[in-house]
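Colleague: I'll drop the sequence and a predicted model, then ask my questions.
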Amino acid sequence: MRLDVVTIFPEYLDPLNVSLVGKARARGVLDVHVHDLREWTYDRHNTVDDTPYGGGPGMVMKTGPWGDALDEALADGYESGAHSPVLVVPTPSGRPFTQELAVELSAQPWLVFTPARYEGIDRRVIDEYATRVPVVEVSIGDYVLAGGEAAVLVITEAVARLLPGVLGNAESHRDDSFAPGAMANLLEGPVYTKPPEWRGRGIPDVLLSGHHGKIARWRRDQAFARTALNRPDLIERCEASAFDKKDREI
Ligand SMILES: COc1ccc2nc(C(=O)O)sc2c1
């Protein structure tokens, strides 16, 4: 997968050089290109914004630099053999980013991110590129950020970990919170590791029982209880059969 990111804060994307995403890049699973939007400005102040038409607070990111930057990023990608880019636009007014969307995006060969700052990007930029490539406008949550770069980091990590060969244990996707299957729409329950006792706290006996069926049921029950506590809104999405009473008895 190729990722392009156009931003006025390229250094904000430095975390893409470390940990899981960094390892995926080193292994050639991910090919990341970060572009400084100001390279496509031609005035002495490297201006990327201007006052909004219709008045109002703040500034809007200008069409010129974005158009030139995206044209070049796309041309560079095509030239390198990439194909079928999807423009991913982090915005507070976007579609909620979910595990389902992460799975959809992980199936794409090329993502081009356009994190904005200020009050956002002149709408004509998105409208222009929507005539050429699919555009997905995404929000990572109902809170206020100063720009889209943090969203790019979140989306990239969630997508990269789904790519073949990135996570050591392919099975580990199965028990992810929100992963498809029996754990779909459920939060992960508690996890434990050695030592068997720590500050007077032991391990739930079932996890030491070696009874895989009981352990699976206990984990599902814990996930259900945690979801009911922290995300009751997800409970009705769970398939009733996944938690009928007989399954929950040990
Ligand atoms: C001005 O650019 C912004 C501002 C806030 C913001 N919030 C996002 C989110 O995903 O929640 S993306 C984003 C972009």
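Modeller: Now that the structure is in, tell me what you want to look at.

Colleague: for Arg199, see how far away Ile235 is.
Modeller: 33 Å (CB to CB, to the nearest Å). The way it works is simple: take the backbone N, C-alpha and C, and place the C-beta from them, glycine included.

Colleague: could you tell me how far the helix or strand in which Glu137 is found lies from the centre of the chain?
Modeller: In this structure, Glu137 sits in strand 135-139 according to DSSP states H and E. How far strand 135-139 lies from its chain's middle: 11 Å, per CA atoms, centre = their mean, to the nearest Å.

Colleague: strand partners of it, parallel vs antiparallel please.
Modeller: strand 85-96 (parallel) (DSSP bridges).

Colleague: and the strand it pairs with, how far out from the chain's middle?
Modeller: Distance of strand 85-96 from the chain centroid (CA atoms, centre = their mean) equals 11 Å.

Colleague: state the next helix or strand along the chain beyond that strand.
Modeller: Next element after strand 85-96 (DSSP H and E): helix 99-106.

Colleague: for the top helix by length along the chain, buried residues please.
Modeller: For the chain, the longest helix by residue count, based on DSSP state H, is helix 212-230. Buried positions in helix 212-230, judged by neighbour count with 16 or more other CB atoms under 10 Å: Ile215, Arg217, Trp218, Arg219, Arg220, Asp221, Gln222, Ala223, Phe224, Arg226, Thr227.

Colleague: so for it, what's the average pLDDT?
Modeller: For helix 212-230, mean pLDDT is 97.

Colleague: which other helices and strands does that helix contact?
Modeller: On a contact count with 3 or more CB pairs under 8 Å, 6 or more residues apart in numbering; DSSP states H and E, helix 212-230 meets helix 205-208, helix 232-235, helix 245-248.

Colleague: lowest-confidence stretch among those helices?
Modeller: Lowest mean pLDDT within the helices and strands packed on helix 212-230: helix 245-248, at a mean of 46.

Colleague: state the helix or strand in which the residue positioned nearest the centre of the chain lies.
Modeller: Central residue of the chain (CA atoms, centre = their mean): Ile155, 1.8 Å from the mean position. Using DSSP H and E, Ile155 sits in helix 149-160.

Colleague: this completes my enquiry, with thanks.
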